[in-house]
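Asker: Sequence plus the predicted model coming up.
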Amino acid sequence: MEKKVRVRFAPSPTGGLHLGGVRTVLYNYLFARKHGGDFVLRVEDTDQNRFVEGAEQYIMDCLHWCGLEPDESPEKGGPHAPYRQSERKYLYYEYAQKLVDAGYAYYAFDTTHELEKMRTDFRKDEHSVPQYDQNTRMHMRNSLSLSQEEVVHLLEKNTPYVIRIKMPEHRTITLTDMIRGEVSFDSSLVDDKVLLKADGMPTYHLAVVVDDYLMKITHAFRGEEWLPSAPVHILLWEYLGWKQDMPEWAHLPLILKPDGNGKLSKRDGERLGFPVFAMNWTDPKTGDTSKGFREMGFLPQAFVNMLAMLGWNPGSEQEIFSLQELVEHFSIERVHKGGAKFDFEKSKWFNNQYIQRTDNETLAKLALPYIEAGLRKSGVEANVDMDLLQRVAGLVKERCTLLPDFWEQGHFFFATPAAIDVAAIKEKWNGQKQQFFAEWADSLESYTEWNEKALETGFTEFAAQKGLKKGELMLPLRIMLVGGKFGPGVFAIAELIGKEETMKRIKSLHL
RNA sequence: GGCGUGUUGGUCAAUCGGUUAAGACGCCUCCCUUUCACGGAGGAAUGACGGGUUCGAUUCCCGUACAUGCUACCA
């Protein structure tokens, strides 16, 4: 019988969750759902120096916002709890010790200074950087180079030590990656990675193998930056005697900066003016806040859809996918090998597409906070009629790419425009027009039917009566009602703001 | 420097050896709209470069270049 699919997202709680991280979550989630498997969230908090308060909760909040809920997590628990590596600390030592006993790993007593010295002393030329490996390990202080008595003595004295893997000399280690196919490494070129740190915590290398085994992970997705250390992990699976249970690997491509080169970083977002994190992230130490897609006004569905298409595509022309559709169409084999430059313009396009497809009632709820904030900012009492907001949302949604645009595009429905772009009509303005509008405004009083159609008909007839071209009057009317050259049809606007307000706005224009 | 990975238009990308090399974003032109958008029509790449293999290569192989990742008691 096939093993049940189990995947995991294993972030370090060190800061905000960026695009690449969310995409890794997404691919994990899609794969799990597609194969009826489990999606586990495991927190890799083994580095006490980099631990950031609140980061774990923040990550879970991001997953929740995106609608990518894990089946097992520190919060939810599950059959393999605990899901926080710091709470699993006691587990790892046993396996590290097992490796030492079997001769696959060794104790190393070197101090930071000794390591630094080795790296300068063994420097072969200007450019090469020596590493702790088969060429240097016998020159260091470890259980391979020291006599057994010395080792025992050091251990008894409680000398701080780490446990390092002993990389074999000449082995070609091959892994079959679901995205890249076969990738080979020469074991003698890989260094003796630290497995267990002096503080008793495992490094990523040990922890990921032990936990993936214990949690019965069948498919391991992670960023491409892990590919170089994959041979260490494969060896560990073998040395621990678990080779038949090793998950299938998939190393995901990186998300790159839109301009220049390199992978996308927090800095790029600040520099180029777009978010890099899923939600706002405030560093508790510096107090600095980095913008998030959520706060910028993205719909989570659009954000997720955009991310899915960054490095994967279904092979068809379809671009808009619900999460359910993504689950149906997703295949890890169609994930790209190469990194993709992030394009914020395309992200905005996705958001606009989603806004257009969202029903007015939902949109009104989403837009409400922005409308209220806008009103408060303009000193108007924020008492928004939800019924009106729904109709407004329907009218302006195709010109909104981000949620705050609902205020930009619709503020004049809720408050008399503060700024009137008189310059737009000043040149062609004259007394005749001034009079026309004054008279039309008065005639509005007698309208029994107040709707777009009646207004337009009435306006057209009135213009004809006065011998004026309707076309010359449309822009002025818009400026009076809206304040600028934008927005939905003028008569639809007049219908919504009502008779009284329409008359008031027309009459208040003086130039 | 070493090792790994990658390279189709400005960007995301289809093509699993034979097509006029899809489509989307962005850009430009036009239509619709006497606003702005949405929507619609159209315009712009010969596939990093050089060798092979093949009747035939963007698609397979090799080299070069470039890009990118790793090279921590960080993940």
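Answerer: Looks like it arrived, so ask away.

Asker: who touches the residue in the stretch 301-450 of chain A that RNA strand B sits nearest to in this structure?
Answerer: Nearest residue of the stretch 301-450 of chain A to RNA strand B (Cβ to the nearest atom of the strand) works out as residue A:338 at 2.8 Å. Where you see a C-beta, it was placed from the backbone N, CA and C, and this is true even at glycine. Listed by Cβ atoms under 8 Å, 6 or more residues apart in numbering, the contact set of residue A:338 reads residue A:253.

Asker: What separation is there between it and residue A:151?
Answerer: 47 Å (Cβ to Cβ, to the nearest Å).

Asker: Would you mind listing what in the stretch 1-150 of chain A touches RNA strand B?
Answerer: A:10-12, A:14, A:44, A:46-47, A:49-50, A:110-112, A:115, A:119, A:125, A:127-129, A:131-132 (Cβ under 7 Å from any atom of the strand).

Asker: Helices - which of these land there?
Answerer: Assigned to helices by DSSP state H, the following of these qualify: A:112, A:115, A:119.

Asker: circling back: can you tell me which of the residues of the stretch 1-150 of chain A next to RNA strand B are buried?
Answerer: A:10-12, A:44, A:46-47, A:110, A:131-132 (16 or more other Cβ atoms under 10 Å).

Asker: and the least confident of those residues?
Answerer: Among those, residue A:131 carries the lowest pLDDT, at 92.

Asker: That residue reaches residue A:191, doesn't it?
Answerer: Yes: counting by Cβ atoms under 8 Å, residue A:191 is a contact partner of residue A:131 at 3.8 Å.

Asker: So is the longest helix along chain A next to RNA strand B?
Answerer: Ranked by residue count and defined by DSSP H, the top helix of chain A is helix A:360-377. No: Helix A:360-377 lies out of reach of RNA strand B by Cβ under 7 Å from any atom of the strand, never closer than 14.5 Å.

Asker: now do stretch A:392-403
Answerer: Yes: counting by Cβ under 7 Å from any atom of the strand, contacts between stretch A:392-403 and RNA strand B involve A:398-399.

Asker: how long is that stretch end to end?
Answerer: 13 Å (Cα to Cα, to the nearest Å).

Asker: Please name the nearest non-neighbouring residue to residue A:330.
Answerer: residue A:30 (4.1 Å; Cβ to Cβ, 6 or more residues apart in numbering).

Asker: So what's the residue count around that neighbour?
Answerer: Number of residues near residue A:30 (other Cβ atoms under 10 Å) recorded here: 24.

Asker: who touches it in this structure?
Answerer: Shown in contact with residue A:30 (Cβ under 8 Å, 6+ apart): A:308, A:326-327, A:330.

Asker: surely residue A:497 meets residue A:480?
Answerer: No: taking contacts as Cβ under 8 Å, residue A:497 lies outside contact range of residue A:480: 11.1 Å.

Asker: who's more crowded, these two?
Answerer: Neighbour tally, residue A:497 and residue A:480, criterion other Cβ under 10 Å: the higher count belongs to residue A:480, 23 against 20.

Asker: how far away is the more buried one from RNA strand B?
Answerer: Between residue A:480 and RNA strand B the computed distance is 13 Å (Cβ to the nearest atom of the strand, to the nearest Å).

Asker: That residue in helix, strand or coil?
Answerer: In three-state terms, and counting by DSSP: H, G, I helix; E, B strand; the rest coil, residue A:480 is helix.

Asker: Would you mind listing the buried residues in stretch A:350-366?
Answerer: So for stretch A:350-366, counting by 16+ other Cβ under 10 Å, buried means A:350-355, A:358, A:360, A:363-364, A:366.

Asker: Quick one: end-to-end distance for that stretch.
Answerer: In stretch A:350-366, first residue to last residue: 17 Å (Cα to Cα).

Asker: Run through who's touching it.
Answerer: Residues contacting stretch A:350-366 (Cβ under 8 Å, 6+ apart): A:297-299, A:301-303, A:305-306, A:319-320, A:386, A:389-394, A:397-398, A:400-403, A:406.

Asker: And for stretch A:416-430?
Answerer: Residues outside stretch A:416-430 that contact it (Cβ under 8 Å, 6+ apart): A:378, A:411, A:472, A:475-476, A:479-485, A:501, A:504-505, A:508-509, A:511.

Asker: Show me which positions of that stretch end up buried.
Answerer: Buried residues in stretch A:416-430, counted by 16+ other Cβ under 10 Å: A:416-417, A:420-421, A:425.

Asker: Where helices are concerned, which of those count?
Answerer: Counting by DSSP H, the part of these found in helices is residue A:425.

Asker: can I get the buried residues of stretch A:416-430 in a markdown table with distance to RNA strand B and pLDDT?
Answerer: What follows is those, written out as a markdown table (distance: Cβ to the nearest atom of the strand, whole Å; pLDDT from 0 to 100):
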| residue | distance to RNA strand B | pLDDT |
| --- | --- | --- |
| A:416 | 18 | 93 |
| A:417 | 13 | 93 |
| A:420 | 14 | 91 |
| A:421 | 9 | 92 |
| A:425 | 11 | 89 |
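
Asker: can you pull the contacts of residue A:188?
Answerer: Residues near residue A:188 by Cβ under 8 Å, 6+ apart: A:133-134, A:167-171.

Asker: give me that answer again for 6 Å
Answerer: Residue A:188 sits next to A:169-170 when contact means Cβ atoms under 6 Å, 6 or more residues apart in numbering.
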